[in-house]
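Asks: I'll drop the sequence and a predicted model, then ask my questions.
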Amino acid sequence: MKLIFRFLAALFVFLSPATFSAESHKIMTITRVPFSMEENGKETGFSLELWDALAEELGWEYEVSRVSSFPEMLGAIQNGSADAAIANISITANRELVMDFSQPIFEAGLQIMTDTDGSDVSIWSAVISRDMLIAIAGAFALLFGGGMLMWYFEKHHQDYFDMPARKAMFPAFWWALNLVVNGGFEERQPRSPMGRVFGVFLVISSLFLVSVFVARITAVLTIDAIQSNVSGIGDLYGKSIGTVEASTAADFLERRDLRFTGYANPTELIEAFEAKEVDAVVFDAPILAYYVAHEGKGKARLVGPIFLPENYGIALPTNSPYADQINHSLLKLREDGTYDTIYRKWFGAK
């Protein structure tokens, strides 16, 4: 009997791993390029390739279930209807209260993305802008009007202005221009009483006119750059901001009292950015970096450093029996270089 019992016990121990390895695990994910996506009917992305390597090392079979929202994905973990969830899932204190996480699989954070318009201001585009043209036209009108008014006062008092109005247009304009720029002509001093009063007024007011005109030109040349210049969080106030609703980025913006428009997913967020519905996007740095380097190349740029550092992990139900195995396998994948190989494929050298 003892021999039979020992044989059965040994047989049970021998067959248990095979039975466990044959079990199919349900994995939840969501489309988050480049971490999780479907291309040509194949599940791919950094996170899914890492999971595939992990499952292969453990001898697991698994089935991927792709959902459309983070709450739906994490809800399956909370209620225990799935064994794990993987994508770009941030490890946060609030989530740790209702689920467990593996050790970190990716170091990330938040970053700001804006378009490239205004990052390099073209002088010619500023010169031919509407505001600049209005300023130049206004200056010409003032000089011409002042010159012709002086012609009216002086036409019977000195030879320079003694000519018909049609012929006096340019000489009068030239006189006014020299008055503003050089303080006037010594040999063309006003001689009539009204001309002298008006001349004194022009000399004094020209000091203010020149200052205002120069300030106006400077403002027109720099206003686009000022408005589009975003180099950090402090520059976002007063801008239209977009992010994904119910994300860590949305929580951060709410804590900073920054108004934003929330979108259902990154795809809708990027579409709104490309349609110029928002001035800036605040979201996960690696996702924005991937977009800037691929679809958004030449159209978008990342500004400022990564802030609010965070780690991505594999979400697991509370007290998951697979946590130790997953963590042990992740350590092995880092030690044997598999993790680095997958990382370089999707993000290049660290």
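Replies: The structure has been received and is ready for your questions. Residues are numbered from 1 along each chain as shown.
Asks: so what's F46 up against?
Replies: By Cβ atoms under 8 Å, 6 or more residues apart in numbering, F46 lies in contact with P34, F35, F106, I342, Y343, K345, W346, F347. C-beta coordinates here come from the backbone N, C-alpha and C atoms, glycine included.
Asks: Could you find the closest non-adjacent residue to the third one?
Replies: Taking Cβ to Cβ, 6 or more residues apart in numbering, and ignoring the residues beside it in sequence, F106 has Y312 as its nearest neighbour in space, at 4.1 Å.
Asks: quick one: the one you found and F46, what's the gap?
Replies: When distances are taken as Cβ to Cβ, to the nearest Å, Y312 and F46 turn out to be 9 Å apart.
Asks: what touches both of these two?
Replies: The overlap between the contact sets of Y312 and F46 (Cβ under 8 Å, 6+ apart) consists of F35, F106.
Asks: about what we covered before: tell me which two in the contacts of F46 are the farthest apart.
Replies: F106 and K345 (13.5 Å; Cβ to Cβ).
Asks: quick one, which of those two is more surrounded?
Replies: When F106 and K345 are compared on other Cβ atoms under 10 Å, the one with more neighbours turns out to be F106, at 20 against 11.
Asks: That one: what's it in contact with?
Replies: For F106, the residues meeting the contact criterion (Cβ under 8 Å, 6+ apart) are F35, F46, S47, N88, P286, N311, Y312.
Asks: Would you map the helices across the stretch 151-300 of the chain?
Replies: Taking DSSP state H, counting those that start in this stretch as the criterion, the stretch 151-300 of the chain carries its helices at 165-182, 193-228, 248-255, 266-274, 285-293.
Asks: so how far is A272 from the spatially most central residue of the chain?
Replies: Nearest residue to the geometric centre of the chain (Cα atoms, centre = their mean): M113, 1.3 Å. Computed with Cβ to Cβ, the distance linking M113 and A272 is 12 Å.
Asks: Then H25?
Replies: Taking Cβ to Cβ as the criterion, H25 is separated from A272 by 36 Å.
Asks: that older thread, number of nearby residues for the residue nearest to F106?
Replies: Close neighbours of Y312, defined as other Cβ under 10 Å, add up to 24.
Asks: I figured it was touching F101, is that so?
Replies: No - shown here, Y312 and F101 do not form a contact pair, counting by Cβ atoms under 8 Å, at 9.2 Å.
Asks: any shared contact partners between these two?
Replies: Both Y312 and F101 are contacted by I89, I91, under the criterion Cβ under 8 Å, 6+ apart.
Asks: Stretch 73-83: end-to-end distance?
Replies: Start-to-end span of stretch 73-83 (Cα to Cα, to the nearest Å) is 11 Å.
Asks: Over to stretch 285-304?
Replies: 11 Å.
Asks: Please renumber the chain so that the first residue is 763 from this point on.
Replies: Sounds good: first residue 763 from here, last item stretch 1047-1066.
Asks: May I see the buried residues of that stretch?
Replies: 1047-1054, 1058, 1062-1064, 1066 (16 or more other Cβ atoms under 10 Å).
Asks: Tell me how far I1076 lies from I1088.
Replies: For I1076, the distance to I1088 equals 6 Å [Cβ to Cβ].
Asks: which of the two has more neighbours?
Replies: Relative neighbour count places I1076 above the other of I1076 and I1088, with 29 against 24, counting by other Cβ under 10 Å.
Asks: What's the mean pLDDT across stretch 959-978?
Replies: With pLDDT averaged residue by residue, stretch 959-978 scores 71.
Asks: How about stretch 1047-1062?
Replies: 92.
Asks: Poorly predicted segments of this protein, please.
Replies: Under the criterion of pLDDT under 70, the regions of the chain flagged as low confidence span 763-785, 879-891, 893-894, 945-949, 965, 968-969, 971-972, 975, 978-991, 1111-1112.
Asks: let's see it at 50
Replies: For the chain, applying pLDDT under 50 flags the ranges 767, 769-784, 880-883, 986-989.
Asks: Let me see the domain layout of it.
Replies: In the domain annotation for the chain, the residue ranges read 764-867+1075-1109, 877-881+992-1070, 885-990 (automatic domain parsing).
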